[in-house]
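S.K.: next come a sequence and a model predicted from it.
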Amino acid sequence: MKNHTETAAGYQLLSRYRGELMGLAMLWVMFFHAYELQIDNPALNAFKWLGFSGVDMFFLLSGLGLYGSIVRRQERFPSYFYRRCARVLPAYWLVVGLYSLWLRVQGRISIKTALWSLSTFHYWFRVPGTFNWYVPALLLFYALAPFWVKILRRVKYKGFLTLLTFPLAYGVYRLSIPVGLNYLSDFLDRIPTFAAGLLAGCYLAEGQPLNRKHAAAWTAVAVCGITVAVLRLQGKLYISTCYMVAACVMPFCLLLAKGLDLLGWEWRPLRFLGAYSLEIYLLNVIVTREFAALSPWFDRDGRHIVYYLTVYALNLVLAVLLRQLIEKILRPGFARLRRTQREDG
């Protein structure tokens with residue numbers, strides 16, 4: 001068992017259990033992606049519907065790790081961004097490339113559409129027939145992170161600045177509607193979440209514990225988010241659910257990290273899922289899209305339980321093989337990237 005007096009600071013726990021939290025987030029996203037799964041329990045259905053919040057957890061934890069890495073390395077932007085792209089794009093290009101080739105053979109997309117998907121610019125220009133908004137959004141967050149870190153290091157009221165990202169993101173979204181860019185909401189809605197992750201990384205780098213003032217602030221933001229959610233359910237207010245999730249994701253992750261620490265176990269399966277989360281996610285998107293094509297092979301019951309257990313197990317196996325293939329092809333450079341990721345926490 002661990003000495004909990006040494007791990008009491010909440011932001012330290014976020015860093016210590018970052019891998020496990022990413023694993024939990026991946027499981028939640030996979031549950032959310034099981035669109036055809038039939039569940040009778042209303043509470044479980046609600047939990048499944050909220051599974052998109054796993055993406056918010058990913059962005060929060062990415063921001064947390066990025067802040068420390070950027071501050072420690074002090075490298076030029078091209079070098080920094082190259083390292084980030086080198087970790088994400090090989091897996092993305094391989095999965096999206098092979099899948100696009102299969103879609104092209106079937107006549108479902110054109111070569112032009114496939115090239116747009118591979119470029120990662122398809123999301124920003126809303127190219128029909130393309131898919132996967134997460135990687136393009138993640139790359140833009142990577143590009144913006146060094147500039148936001150510089151701002152955070154210079155301002156005194158870091159928490160207030162982070163709080164301002166909520167009206168900023170919503171204001172940009174409202175402005176995007178009349179010009180027909182509101183399809184970018186998946187990215188815009190996650191700006192506060194990513195900013196909160198960078199703030200937590202800043203607090204961690206500065207050695208600030210999760211004191212009563214911080215806990216009260218995160219709780220107050222979460223209460224505001226829950227209040228907005230209740231008003232939305234009552235039809236008195238309409239705002240994207242993502243903003244409510246963004247208001248609650250930090251205290252939610254802090255509580256999860258504290259729970260993992262109190263249990264004091266080694267959570268290797270969750271850490272494994274977190275380590276392979278990119279590869280798992282890329283393949284899971286395809287499994288989600290191709291239910292009609294795969295169900296004749298794997299579907300065995302009306303609720304589709306056997307189907308999802310089978311294809312998700314294959315999803316995990318293929319994710320491991322995908323990572324090993326990329327490591328083999330790009331072994332020297334990829335080994336350095338893995339060392340970098342371990343240093344980044």
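M.R.: Now that the structure is in, tell me what you want to look at. Numbering: from 1, shown residues only.
S.K.: and stretch 148-164, end to end?
M.R.: Distance between the boundary residues of stretch 148-164 (C-alpha to C-alpha, to the nearest Å) amounts to 13 Å.
S.K.: stretch 145-164 now?
M.R.: In stretch 145-164, first residue to last residue: 16 Å (C-alpha to C-alpha).
S.K.: that stretch: how far from the chain's middle?
M.R.: Offset of stretch 145-164 from its chain centre (C-alpha atoms, centre = their mean, to the nearest Å): 21 Å.
S.K.: can you pull the buried residues of that stretch?
M.R.: Buried residues in stretch 145-164, counted by 16 or more other C-beta atoms under 10 Å: 145-146, 148-149, 152, 158-159, 161-163. (Each C-beta comes from the backbone N, C-alpha and C, glycine too.)
S.K.: got JSON lines for the residues you listed, with distance to residue 24, secondary structure and pLDDT too?
M.R.: As requested, these are exported to JSON lines (distance: C-beta to C-beta, whole Å; DSSP: H, G, I helix; E, B strand; the rest coil; pLDDT from 0 to 100):
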{"residue": "145", "distance to residue 24": "23", "secondary structure": "helix", "pLDDT": "97"}
{"residue": "146", "distance to residue 24": "28", "secondary structure": "helix", "pLDDT": "97"}
{"residue": "148", "distance to residue 24": "26", "secondary structure": "helix", "pLDDT": "96"}
{"residue": "149", "distance to residue 24": "26", "secondary structure": "helix", "pLDDT": "96"}
{"residue": "152", "distance to residue 24": "27", "secondary structure": "helix", "pLDDT": "95"}
{"residue": "158", "distance to residue 24": "27", "secondary structure": "helix", "pLDDT": "95"}
{"residue": "159", "distance to residue 24": "26", "secondary structure": "helix", "pLDDT": "93"}
{"residue": "161", "distance to residue 24": "29", "secondary structure": "helix", "pLDDT": "95"}
{"residue": "162", "distance to residue 24": "23", "secondary structure": "helix", "pLDDT": "96"}
{"residue": "163", "distance to residue 24": "26", "secondary structure": "helix", "pLDDT": "95"}
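S.K.: of all pairs in those, which one is the farthest apart?
M.R.: Longest distance between any two of these is 21.5 Å, between 146 and 163; criterion C-beta to C-beta.
S.K.: correct me if wrong: residue 205 contacts residue 66.
M.R.: No - the pair residue 205 / residue 66 is not scored as a contact, 11.1 Å apart, by C-beta atoms under 8 Å.
S.K.: who's more crowded, the two?
M.R.: When neighbours are counted by other C-beta atoms under 10 Å, residue 205 and residue 66 differ, and residue 66 comes out ahead with 24 against 18.
S.K.: ok, now which ones touch the more buried one?
M.R.: 142, 145, 149, 197-198, 201, 344 (C-beta atoms under 8 Å, 6 or more residues apart in numbering).
S.K.: now with 10 Å?
M.R.: Contacts for residue 66 (C-beta atoms under 10 Å, 6 or more residues apart in numbering) come out as 80, 84, 141-142, 145-146, 148-149, 194, 197-198, 201, 344-345.
S.K.: work out for me the element it sits within.
M.R.: Secondary structure assigned from DSSP states H and E places residue 66 in helix 53-73.
S.K.: quick check: pLDDT value at the spatially closest residue to residue 300 that is not a sequence neighbour.
M.R.: Distances taken as C-beta to C-beta, 6 or more residues apart in numbering place residue 306 nearest to residue 300, at 4.0 Å, with adjacent residues excluded. As predicted, residue 306 sits at a pLDDT of 94.
S.K.: picking that back up, list the ones among the contacts of residue 66 that fall in strands.
M.R.: Within the contacts of residue 66, no residue falls in strands by DSSP state E.
S.K.: quick one: which of these is nearest residue 231?
M.R.: Closest approach between these and residue 231, by C-beta to C-beta: residue 194, at 25.2 Å.
S.K.: next one: phi and psi at residue 133?
M.R.: Dihedral pair for residue 133: phi -90, psi -20, per degrees, to the nearest 10.
S.K.: need the contact list for it.
M.R.: Applying C-beta under 10 Å, 6+ apart, we find residue 133 in contact with 55, 120, 122-124, 183-187, 285.
S.K.: please report how far residue 84 lies from residue 141.
M.R.: Going from residue 84 to residue 141 by C-beta to C-beta, to the nearest Å gives 10 Å.
S.K.: for the protein, what's the longest helix?
M.R.: Criterion DSSP state H: the longest helix present in the chain is helix 77-105.
S.K.: elements contacting that one?
M.R.: Under the contact criterion of 3 or more C-beta pairs under 10 Å, 6 or more residues apart in numbering; DSSP states H and E, helix 77-105 touches helix 53-73, helix 111-119, helix 134-154, helix 277-289, helix 305-329, helix 331-344.
S.K.: one more time with 8 Å
M.R.: Helix 77-105 sits against helix 111-119, helix 134-154, helix 277-289, helix 305-329, helix 331-344, with contacts defined as 3 or more C-beta pairs under 8 Å, 6 or more residues apart in numbering; DSSP states H and E.
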